[in-house]
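> coordinates only, no sequence provided:
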């Protein structure tokens, strides 16, 4: 029986892209165990601050895995130990009980000597656009370089990212595998009771139509460009539409807050931080359109979620986004706010366009599911099986 050990380190705190991917992948793989004859385990490494405080055990967000293998050393240290001969890595590896495959889900794999190692690379922002990420993320490049010698394969989420990995790291293309991600909501978007399930009233007035953006507020997401385009849209049309920005404040968010405050339509721009999934589902369901003009994405999970709800999509022509949306979106140049303004205007004044794009979104969304992601990932494991 094939034994798989997946890194669940990112499944902690308020989950963002990597954490959502890891959590949903593990849960989907767990459901496949009985029918596909493999054994799934997980492991965890504490964050550096938790490690210093002696908090080595995970905050368990995976109740179906009440225990997991704990490697009581943070990634930042075990990563650096690779460069020097030492007994610590061997001692840590023994705690994993020698699985057939070790899957590192966040730009790092534990340097196992007795298992086949699979490395997930979500994107290459730190190489393509280092100005968009903090110094700690820029160091991912050197971490990946240290992982490559003991990586049997690389997993990523788009053909465009695969090509970038080949170009930058010269890793063999036949050992780079592409699997897709999926929405956190799945089939429940079609349930009439989903919106009724919210436990408390949502503190937002839904009477006005709105465009929706969901992601971390940081430079790479081009939120200031979106605000500029929204300002032009309001000045051009005098439409009643609002702009709703949902996401945590990320790196270098001050220009975004300044753009909101300086907007002549600041009262029509609403910023919400991290909100419960059931609330977010309501915002997806009621939006006029989903707008995601990011400068670069390795996949673009919020776009898939929006398509899951049948929303018309406006997104950029960069990275994986055209590949993910296919013909189910208006594609714009993120460097040209006028392009985005024109797209917003078209969705409001071309009455058939939202209907057409919404239907294409629903059809496109059928190509993404966590069950499919798990099945594709299991095929990767089997291809790497010793």
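Sure thing, it's come through. Because the structure is predicted, anything quoted here is derived from the model rather than measured.
> please identify the buried residues of the longest helix that the chain contains?
The helix that spans the most residues within the chain, counting by DSSP state H, is helix 17-36. Under the neighbour-count criterion of 16 or more other Cβ atoms under 10 Å, helix 17-36 has 17-26, 28-30, 32 buried. C-betas here are computed from N, CA, C, even on glycine.
> need those residues in CSV (columns: distance to residue 286 and pLDDT).
Supplementary listing: these in CSV, determined by distance: Cβ to Cβ, whole Å; pLDDT from 0 to 100:
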residue, distance to residue 286, pLDDT
17, 24, 84
18, 28, 91
19, 26, 91
20, 22, 91
21, 26, 94
22, 29, 94
23, 26, 93
24, 24, 94
25, 29, 96
26, 31, 95
28, 28, 95
29, 33, 96
30, 33, 93
32, 35, 95
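> in TSV, list those along with distance to residue 299.
Listed next are the buried residues of helix 17-36 as TSV, based on distance: Cβ to Cβ, whole Å:
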residue	distance to residue 299
17	8
18	11
19	14
20	11
21	8
22	14
23	15
24	13
25	13
26	18
28	16
29	18
30	22
32	21
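> which stretches in this protein count as strands?
In the chain, strands defined by DSSP state E lie at 2-7, 38-44, 69-70, 101-104, 116-120, 153-156, 176-178, 210-214, 242-246, 269-272, 289-292, 313-316, 330-332, listed in chain order.
> partners of the fifth one in the sheet?
Using DSSP bridges, the strands paired with strand 116-120 are strand 101-104 (parallel), strand 153-156 (parallel).
> which helices and strands does the helix or strand of the chain with the lowest mean pLDDT pack with?
Lowest on mean pLDDT, DSSP states H and E among the helices and strands of the chain sits helix 48-52, with a mean of 81. Applying 3 or more Cβ pairs under 8 Å, 6 or more residues apart in numbering; DSSP states H and E, we find helix 48-52 packed against helix 75-81.
> distance from the chain centre to the helix it packs on, please.
Remark: helix 75-81 is offset 24 Å from the chain centroid, using Cα atoms, centre = their mean, to the nearest Å.
> check the gap between residue 186 and residue 279 for me.
Distance, residue 186 to residue 279, using Cβ to Cβ, to the nearest Å: 17 Å.
> before we move on, what about residue 339?
For residue 339 relative to residue 279 (Cβ to Cβ), the value is 31 Å.
> then residue 140?
Per Cβ to Cβ, residue 140 is found 32 Å from residue 279.
> wait, residue 93 sits on residue 113?
Yes - under the criterion of Cβ atoms under 8 Å, residue 93 lies in contact with residue 113, with a separation of 6.7 Å.
> of those two, which one has the most company?
Between residue 93 and residue 113, counting by other Cβ atoms under 10 Å, residue 93 is the more crowded of the two (18 against 10).
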